[in-house]
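Asker: here is a sequence with its predicted model. Questions after.
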Amino acid sequence: MSLLTDNKLLMGNEAIALGAIEAGVQVVTGYPGTPSTEALETIARYAKRCGIYTEWSSNEKVALETAAGAAYSGAKALVTMKQVGLNVASDPLMSLSYIGVKGALVLLVADDPGPHSSQTEQDTRVFGHFANIPVLDPATPQEAYELTKLAFELSHEFEIPIILRTTTRVSHSCGDVEVEAAEPVPVEAVEEGFVKDRRWTIFPKLTAERHPWLENVQEKLSERFSGLSFNSVSGSGKIGIIASGVSALYVKEAIEAVRGFEELFTLFRVGTAYPFPEKAALSFLKGIDRLIVAEELDPYLEEQALQLIGKAHLPVDVYGKKNGFFPVSGEYNVDIVIDSINRALAAYGESLCLSHASPAVSREKLPPLPIRAPTLCAGCMHRTVFYAFKQAAKQLKKESQTDTIFSGDIGCYTLGNAYPLNMVDTCLCMGAGISLAGGLYHTNPKTKQVAFIGDSTFFHSGIPAVINAVYNGANITLAVLDNRTTAMTGHQPHPGVGVTALGNVSKAIEIADVVRSCGVESVKIVNTVDPDSLESCIKAAKEAMNFNGPSVLVFKGKCVGITKPDKHYEINPEACTGCGFCIKELGCPALNLDGDKPVIQDNCSGCGLCAQICPSEAICIGGVKL
Amino acid sequence: MKYDILIAGVGGQGVVLASRLLALAAMKTGFHVSTAETIGMSQREGSVSSHIRIGDKVSGSLIPIGQADLLLGLEPAETVRNLPFLKEGGKVLVNIHAIPPASRPPGSPEYDPAALLSFLCAYYPDILCSDFTKLADEVGTYRAANVAMLGAVAGARVLPFQEEILKAVLDAEIPEKYRAVNDAAFERARKCIRSVSGT
Ligand code: SF4
Ligand code: SF4
């Protein structure tokens, strides 16, 4: 017991960071993406002390290529991203698997079943299979810590990049973790330096040579994985269950409530998803006569198991996603796993079934509850800009019957789609808003196209889209919402801020200059900070929309997540007529109806937008409240 | 030993800090812990919850339906939303200070905190409730409502560890600047709950 109290309470991402530092990581790159972000942030905290080069790169492709360069030189490198970021990095990754690395190269890729904050529910285990990159799949912060160290070892030994794949419930859960070093210490750097060699230049001939090597590595690794304790078998029953990641924990909890479960079930937990540990799996499969597969996202383990069962001609029935016993999408939990296992048990006539705990109040008995959809923060500059464009578009409609289509992008400002602003008509992936607007322009000549993009996203993948719009004559208006940070993922700096991941001052890149040099002729910077900025924003929006050719407005303001409010607004009940206009128009979370008149709550950030639209001038500055 | 706690609230109420403090206190006592929290979109005025699992061994970080021993509701509607996680006879502590939803999209039900509170009381008659936001505001800042609620559960003696341990964790974790108000909120709530429960 006393030993336990020495453990650290770590979030999965923090455990990965500490594991990487202990493994001797020298170079860390990444692009923020929930739920992966805290890994790089944690390393950045120790970077100076431990001599680790750490950067937020402009996007995931750039991050991976930078880390690959470091690994070519014999350094140990880590790249962090979320599953959607892996798509951006996939171009270099697919070739990198052929080339291989020196030193070590580990990719932390965080998947998001559910999804809690992502555009997709894709499965990185499958991506690893596709790219021939080994994938480790931890279930807890402790395993994340240990598998990170293993990933560096394997990458170094086999000269191949390795993916450490987590899910939200691993990356963002906290647990007590037994770490080796109480405080991260620098490990001696073994950097051989870059040695010129034809192996670093991908060329068809080299690819043809390397492909057999790459296939061979998969076989060797599958063999190695079969002997690892991260792939473990427990129980001795004829009903086999295979699971990986947090699903394995849900299964354990579900069956442990059954007396004598060890004699009924055999659980095979897979901690190394790809290459599949065939040998270990085969000996497990030979001892059972039914197989239940519990896994979130894609039926990856199920396919591997089916293949093996076919190859070895085993008489084992399989119950998983493919025959409808488990949900094919969404995040799992113990209750879902219990229901799914019960369906499988019933299907082959097993009388046993797992039971749920019974709550005093079931979900069906709950009274109707208010919907709490995520919205832009109180005082967010994006609300001002969205509202300004809404007004400008209304005027345009009145003057020339022109409708406007608003293309959004990935970031806080996707929340511009929320009621009552409703200002996002399209949203696809990072940087796509601008190109989509281009495509819409070429096919909807009678409408006006407006695209919104954030500052970090602009640097991530907006620039090529601006160049494309100019070069191919897409007559669009681009609004860059520059709140001086990467807000959605927790306020990381980006090239426009002029501060690096380590807090060092660097050259700030001016967005207006970039778009000018891309050939945009109408470029304007608009300040949203002044308490009477709405009018100037509407005016600028109208001018830009009327410009014949691509036009860009860079709105500069601040994110309320990192600035202190200096004003607080109040409603003068005498002057307020209770029309509710402020509430109906803006959706500011600080504005609420109390009886028949609105009130402003403590979370007002003092942007003054409501004061500017109140028809009775009933909203006024009321001092600062903290 | 196994003890599951669920904290429910709205973004910005300090759900994550409260769960961290409880997890650390459990670890200091010698238990394994596992927590799962919502981070991301839900911080923007959305519902936030944190599952804290304490025990001799750990399972997955999400508490199954009907298994939580304690529900800490920082806000009435969020408390009701998470009620199905609570086991029969579990304990509920609720902050009666309501936070209405940011916007009311068409079709969103009316928010009637009083009705929700009486719904809660019907199922859990020995529910503990108070306006912890007001209590915290009175000792310094409404933001310390989360810590006040920890003081209240400590006072009600429902946690599987000693309140001294929780207090020590609080002192170690809260930055110097905010320590005094948080201490005051903790103490004040601890005392008033103790007098309510008569111990
Ligand atoms: S000034 Fe008005 S719109 Fe701005 S944050 Fe305060 S209440 Fe919201
Ligand atoms: S965090 Fe910043 S950018 Fe995001 S909604 Fe809030 S104010 Fe706006």
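Answerer: Yes, it's here. These numbers come from a predicted model, not from an experiment. Ligands and ions are numbered 1, 2, ... in the order given.
Asker: find the residue at the geometric middle of chain B.
Answerer: Most central in chain B under C-alpha atoms, centre = their mean is residue B:72, positioned 3.0 Å from the mean C-alpha point.
Asker: excluding chain neighbours, what is closest to residue 161?
Answerer: As the question left the chain open, I've gone with chain A. residue A:105 (4.4 Å; C-beta to C-beta, 6 or more residues apart in numbering or on different chains). C-beta: built from backbone N, CA, C; applies to glycine.
Asker: try chain B instead
Answerer: Nearest-residue entry for residue B:161: residue B:29, 4.0 Å, with adjacent residues in sequence omitted and distances by C-beta to C-beta, 6+ apart.
Asker: burial of the one you found, as a residue count?
Answerer: Other residues lying near residue B:29 total 19 when counted by other C-beta atoms under 10 Å in any protein chain shown.
Asker: what distance do you get for it to ligand 2?
Answerer: 36 Å (C-beta to the nearest ligand atom, to the nearest Å).
Asker: quick check: that residue touching residue B:160?
Answerer: Yes. Counting by C-beta atoms under 8 Å, residue B:29 does reach residue B:160; the two are 7.3 Å apart.
Asker: now do the contacts for the residue nearest to residue A:161.
Answerer: Counting by C-beta atoms under 8 Å, 6 or more residues apart in numbering or on different chains, residue A:105 touches A:67-68, A:71, A:76-79, A:96, A:155, A:161-162.
Asker: export those to a markdown table and append columns for secondary structure, pLDDT and distance to residue A:460.
Answerer: Formatted as a markdown table, these follow (DSSP: H, G, I helix; E, B strand; the rest coil; pLDDT from 0 to 100; distance: C-beta to C-beta, whole Å):
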| residue | secondary structure | pLDDT | distance to residue A:460 |
| --- | --- | --- | --- |
| A:67 | helix | 98 | 17 |
| A:68 | helix | 98 | 19 |
| A:71 | helix | 96 | 23 |
| A:76 | strand | 96 | 26 |
| A:77 | strand | 97 | 20 |
| A:78 | strand | 98 | 20 |
| A:79 | strand | 98 | 15 |
| A:96 | helix | 97 | 20 |
| A:155 | helix | 98 | 26 |
| A:161 | coil | 98 | 22 |
| A:162 | strand | 98 | 25 |
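Asker: between those, which is closest to ligand 2?
Answerer: residue A:79 (25.7 Å; C-beta to the nearest ligand atom).
Asker: how about the residue in chain B positioned nearest to ligand 2: what's its closest non-neighbour residue?
Answerer: Closest approach between chain B and ligand 2, counting by C-beta to the nearest ligand atom: residue B:44, at 5.6 Å. Excluding its sequence neighbours, the residue lying closest to residue B:44 (C-beta to C-beta, 6+ apart) is residue A:374, at 4.2 Å.
Asker: surely that neighbour and residue B:46 touch.
Answerer: Yes. At 4.4 Å, residue A:374 counts as touching residue B:46 under the criterion of C-beta under 8 Å.
Asker: neighbour-wise, which of these two wins?
Answerer: residue A:374 (21 against 18).
Asker: do you know how far the more buried one is from residue A:181?
Answerer: Between residue A:374 and residue A:181 the distance is 39 Å, computed by C-beta to C-beta, to the nearest Å.
Asker: in which helix or strand would I find the closest residue to residue A:37 other than its chain neighbours?
Answerer: With sequence-adjacent residues excluded and distances taken as C-beta to C-beta, 6+ apart, residue A:37 is closest to residue A:489, at 4.9 Å. Residue A:489 belongs to no helix or strand when elements are defined using DSSP states H and E.
Asker: after the longest helix seen in chain A comes which helix or strand?
Answerer: Secondary structure of chain A per DSSP state H: the longest helix is helix A:204-226. Using DSSP H and E, the helix or strand that follows helix A:204-226 in sequence is strand A:232-235.
Asker: quick one: contacts of that next one?
Answerer: In contact with strand A:232-235 (C-beta under 8 Å, 6+ apart) are residues A:261-269, A:271, A:280, A:284.
Asker: tell me the contacts of the residue of chain B found nearest ligand 1?
Answerer: For chain B, the residue closest to ligand 1 is residue B:102, as judged by C-beta to the nearest ligand atom, at 10.1 Å. Applying C-beta under 8 Å, 6+ apart, we find residue B:102 in contact with A:372-373, A:375, A:587-589, B:45.
Asker: with adjacent residues omitted, what lies nearest to it?
Answerer: residue A:589 (3.4 Å).
Asker: next one: residue A:180
Answerer: residue A:22 (6.0 Å).
Asker: OK, contacts around the one you found?
Answerer: So residue A:22 contacts A:149, A:179-181, A:184, A:187 (C-beta under 8 Å, 6+ apart).
Asker: elements contacting the helix or strand hosting residue B:25?
Answerer: Applying DSSP H and E as the criterion places residue B:25 in helix B:15-29. With contacts defined as 3 or more C-beta pairs under 8 Å, 6 or more residues apart in numbering or on different chains; DSSP states H and E, the packing partners of helix B:15-29 are strand A:8-11, strand A:173-177, strand B:2-10, strand B:32-37, strand B:47-55, helix B:145-155, helix B:163-173.
Asker: again, only this time at 7 Å
Answerer: strand A:8-11, strand B:2-10, strand B:32-37, strand B:47-55, helix B:145-155, helix B:163-173 (3 or more C-beta pairs under 7 Å, 6 or more residues apart in numbering or on different chains; DSSP states H and E).
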